[in-house]
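Undergrad: A predicted structure for the sequence below; I have some questions about it.
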Amino acid sequence: MTKIFFSWWCYLIFTCSSWALTPSESLTEGAIEVEDMNLLGGVQMEHGNAIRHLTAPTNPDSHEEENLLERRINFIRSHGSESECVEDILNETVKALEIWSPIHESVESKTRPGTSILEITHKFTNLFTRRMRKYKIFYLARDGQTYNSAIRTIARELDIMIRDSLFGGSSVDNCLHIEIVLIAVLEYLQRDNLKTYERLWTLSVLRLLQSLLPMGHVKSISQDPNTGRVCRGGLELFLTQGALMLSSGMDLEPKVKGVSYGRIDILPVDKYLTEALERAELILNIRNYLQGSQESLQTPGLIGIHNKLLQNRSLFEAGIIESLSLQALAMDGSIDKYTSDGAIHCLYQILQHLDRFYSGSQQLAITEALKRVELMLEIRKNLHYHDHQIPAIMKMYDKSLHTRSLANTRFIKSLTFQCIHHVIHETTPDEEIPGLHSVKLEYIKACLHLCHIQDSALKGGKGDLYGLDVSKGEKYLENQDFFIDMMYRSSTYIDGLQDYLHSQVKKDEPSGHYQYISKPLVENQTKGSEGCPICLSKFLEGQRVVKLKCLTPHIFHEQCINRLEGILTNENHGRKGTGITHLKKRAQLMLYTSNISIKASLSIISNAASISPKQPWDHQ
């Protein structure tokens, strides 16, 4: 009986101590008052001004990180010779860092009843575990000083604190040492450029420091973010606590394999911990978008997903993942041309997270939606530089892309066709191009050959000869990469395309651009043709040309027209209304009614300084 009683007593102590470390929360239906989105992540002015000159930059250069952190700690120590002063600095720091809480939440989060019991349990278990935690911090401090990182500064402070407490006779009950280190830890965790081992080591320290503080002290690192505002360190502690409960015997401390020449090698991190840390990053990205966007762009779907991610348990529990998936898929289905790039990017990150860490009944739908949204982002990114192309392509994929399967051959060929015209022809489809759903391998080969010729001309310093703007060389490469990527995506649905692409191009990893395997074969475009009427030279395959819609069509080099534009613009400078559009249409009208050569027509126009700018053909 004594053994049974002792076993139950130990179990009770273990359970209560786990509650004491991080009180768990449960969701109940209700309502929380609506927050003003303009205050998200905000800092009260008096607090912000008080510490703005103290806080280190979010992402300082790695060379400066350690010095910045050390100066920060020295500043706190020099201005906080008394416990009250340090506590004031800590409070100001925490208020500046508190940023996470639900947004327009439709559910209320309440802590389990019996707070007084938790407080009693916390004090009781501290009698048994406080000294053990100090030794744990001591070992963390020892390990931290071996890292080639800014955490060495925190580790040295921890070492001083614990040595004084364990061996020097001083007490940490007044929280003075703890709070000095705590300020540095919380500010360090705000950075978004930390390596995995740096974040895990610092979170291990934060968790132990929190357990040494009085119950309820510094709530922004101990409370559920669904019940109050927390800083990033508090959010990550909350999320990783759920991961620790799922994996028995696991802790936050990184498992280091070795340190060599400043490089830290760690063992693979538990998948639950990895998910929790990356979910914190995802929540941060969503919050930053919502905080920086106009109210009209703050979609309820994105807000709802943000709030559901604030769980310190597996997203599989209580149907959370199913609800998240349905909300994400609903957002995917509601995307149109008015949806902001930021919202689409957030949805892409959400789908990426769900696709990577969770599988289930919605897995295929999530993977499909992820590919679709990724395609939208690529197309939008490319369209930013071509405003005149947006209506044609956006109209097509607004109606189809978010509702049609990417396995639909007819749809893929339609999208392929649009991208060909956008990148290769820089124009919208017209009647001279094959029908919308008749994109075939031979046509794509001709388009890729055209890209190849232009790429070779730019690299060979002959861009002007082919009518290319050499100052936009990088943009031509981006367009070409976009086109080839689209062709690879479409190769599943067009027989022989993938093999052809493999035989023609390869990805250059250092530059990230596609490169052609061989040089292009360039011939005269039309044997026996008269050539350009302006320069009288032959047309080369791949050159950009301009064709006037005359009774007898005339074709000439685009660069010849561009040079002529400059001449005519300079001659007619200062004459209102004598722009190149007017002159081109004048030439076109003369060619309709006369059999004179285009060179003669342009010569006549160049001398027509007295022509009225307001002609009927200007309004056709």
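TA: In hand now; what should we look at?
Undergrad: surely K257 forms part of a strand?
TA: Yes - using DSSP: H, G, I helix; E, B strand; the rest coil, the assignment for K257 is a strand.
Undergrad: that one: how many residues sit nearby?
TA: K257 has 10 neighbouring residues, counting by other Cβ atoms under 10 Å. Bear in mind the C-beta positions are built from the backbone N, C-alpha and C, glycine included.
Undergrad: quick one: pLDDT of it?
TA: The per-residue pLDDT reported for K257 equals 71.
Undergrad: nearest residue to it in space, please, no chain neighbours.
TA: Among residues not flanking K257 along the chain, D265 sits closest, at 4.3 Å (Cβ to Cβ, 6 or more residues apart in numbering).
Undergrad: ok, the one you found to K255 distance?
TA: 10 Å (Cβ to Cβ, to the nearest Å).
Undergrad: who has more neighbours, those two?
TA: K255 (13 against 10).
Undergrad: looks like the more buried one contacts I266 (just checking).
TA: Yes - with contact defined as Cβ atoms under 8 Å, K255 reaches I266; the gap is 6.0 Å.
Undergrad: would you map the helices across the stretch 251-400 of the chain?
TA: 271-292, 300-308, 320-333, 341-357, 363-383, 390-400 (DSSP state H, counting those that start in this stretch).
Undergrad: name the residues of whichever strand or helix holds M487 that are buried.
TA: In this assignment (DSSP states H and E), M487 forms part of helix 473-490. In terms of neighbour count (16 or more other Cβ atoms under 10 Å), helix 473-490 has its buried residues at 476-490.
Undergrad: and which of those residues is nearest L326?
TA: R489 (26.7 Å; Cβ to Cβ).
Undergrad: helix or strand for the nearest residue to S222 once chain neighbours are set aside, just tell me which one.
TA: Computed as Cβ to Cβ, 6+ apart, the closest residue to S222 that is not its neighbour in sequence is Q210, at 5.8 Å. In this assignment (DSSP H and E), Q210 forms part of helix 196-212.
Undergrad: now that helix: buried residues?
TA: 197-212.
Undergrad: and for stretch 271-278?
TA: So stretch 271-278, judged by 16+ other Cβ under 10 Å, has buried residues Y272, L273, E275, A276, L277, E278.
Undergrad: tell me which two of these sit farthest apart.
TA: Y272 and E278 (11.0 Å).
Undergrad: and L203, what's its pLDDT?
TA: Predicted confidence (pLDDT) for L203: 90.
Undergrad: show the contacting residues for it.
TA: L189, G233, E236, L237, T240, L252 (Cβ atoms under 8 Å, 6 or more residues apart in numbering).
Undergrad: looking at the chain, which helix or strand is least sure?
TA: strand 25-29 (a mean of 30; mean pLDDT, DSSP states H and E).
Undergrad: want to throw the buried residues of stretch 271-278 into JSON lines with pLDDT?
TA: Below are the buried residues of stretch 271-278 laid out as JSON lines (pLDDT from 0 to 100):
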{"residue": "Y272", "pLDDT": "83"}
{"residue": "L273", "pLDDT": "85"}
{"residue": "E275", "pLDDT": "86"}
{"residue": "A276", "pLDDT": "86"}
{"residue": "L277", "pLDDT": "88"}
{"residue": "E278", "pLDDT": "89"}
